[in-house]
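> next come a sequence and a model predicted from it.
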Amino acid sequence: MKFHNQTNWQTADLLAIAKRVIKQIEQYGFDAECRKRLILTVVPARQQNWCSGYAYIKGKNAKVRIPKKSNELNDHIKRDFAHVIAHECAHIMGHKGEKWMRSHPVWGRKGADKYFAWASEMTIRKKEAARKTKPGIEDKITALDVRIKKWASKVKRAQTFLRKLTQSRKRYEKLLQLAAQKTASQT
Ligand SMILES: [Zn+2]
């Protein structure tokens, strides 16, 4: 079997269920040859909150959709997932005719709760989001450099402004002095 996972659920968890289903349906004729041929792809179901799938009769490709919305899949969905894998594998084996398959204890949804009851105990975990790497010492120095540059430019602007204020003050002092001298010379 080739197994492809296009969902946000962990591959190991999905694969564990798929493998167990395939082992279980051996007794129903899903033999080594079928197993070798099978390409099972799990894809996210866009809207629905249940599993579905399709496969080609006597083909090799089987696709199973699994809900993606929830953060956790309930027991029913896990059993449903196992059931849909089995059902699609039945098509790979060559079974066709949805009507009789639906009432079949293994290929049909009705029997799924009983036959795949074990799936309730399986875990299907969400893939972990890529963890952000902790900033290293070099990153910290770079960040500090940016802050130092910013404050240094503030100091420079403050110094320029202080100089201008002092010059203005001196100018007014001089005017005051000149005015005083003028008054003195007039008397
Ligand atoms: Zn079918």
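Cool, got the structure.
> just checking, next helix/strand downstream of the helix or strand encompassing Asp80?
Using DSSP states H and E, Asp80 sits within helix 75-93. For helix 75-93, the following helix or strand on the C-terminal side (DSSP H and E) is helix 98-102.
> could you check the pLDDT of the closest residue to Tyr28 other than its chain neighbours?
Nearest residue to Tyr28, sequence neighbours excluded (Cβ to Cβ, 6 or more residues apart in numbering): Val106, at 5.8 Å. C-beta here means a position set from N, CA and C on the backbone, and glycine is covered the same way. Turning to Val106, the model gives it a pLDDT of 92.
> what sits against Val106?
With contact set as Cβ atoms under 8 Å, 6 or more residues apart in numbering, Val106 has these partners: 25, 28, 86, 90, 115.
> using TSV, lay out the residues you listed together with pLDDT, neighbour count and distance to Gly136.
Below are the contacts of Val106 laid out as TSV (pLDDT from 0 to 100; neighbours: other Cβ atoms under 10 Å; distance: Cβ to Cβ, whole Å):
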residue	pLDDT	neighbour count	distance to Gly136
Ile25	96	22	52
Tyr28	94	16	56
Ala86	97	24	50
Ala90	97	24	54
Tyr115	92	21	53
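> tell me which two in these are the farthest apart.
With Cβ to Cβ as the measure, no two of those lie farther apart than Ala90 and Tyr115, at 12.5 Å.
> distance between the host helix or strand of Val43 and the chain's centre?
Assigned by DSSP H and E, Val43 falls within strand 39-45. The chain centroid and the centroid of strand 39-45 are separated by 17 Å, computed with Cα atoms, centre = their mean, to the nearest Å.
> again, but for stretch 40-47
Here stretch 40-47 is found 15 Å from its chain centre; the criterion is Cα atoms, centre = their mean.
> give me the contacts around it.
Outside stretch 40-47, the residues within contact range by Cβ under 8 Å, 6+ apart are 1-9, 14, 18, 51-52, 61-68, 85, 88.
> now do it, average pLDDT.
Here the average pLDDT along stretch 40-47 is 93.
> list the buried residues in that stretch.
Of all the residues in stretch 40-47, those buried under the rule 16 or more other Cβ atoms under 10 Å are 40-42, 45.
> all helices of this structure, in order?
For the chain, the helices defined by DSSP state H cover 11-24, 32-37, 75-93, 98-102, 109-115, 137-186.
> coming back round to it: out of the contacts of stretch 40-47, which are inside strands?
Among the contacts of stretch 40-47, DSSP state E puts 2-5, 52, 61-67 in strands.
> quick one: which of those residues is nearest to Ala32?
Of all the ones in strands among the contacts of stretch 40-47, Lys2 has the smallest distance to Ala32: 14.8 Å, by Cβ to Cβ.
> neighbours around the closest residue to the closest one other than its chain neighbours, how many?
The shortest distance from Lys2 to any non-neighbouring residue, by Cβ to Cβ, 6+ apart, is to Ile39 (4.5 Å). Per other Cβ atoms under 10 Å, the neighbour tally for Ile39 reads 15.
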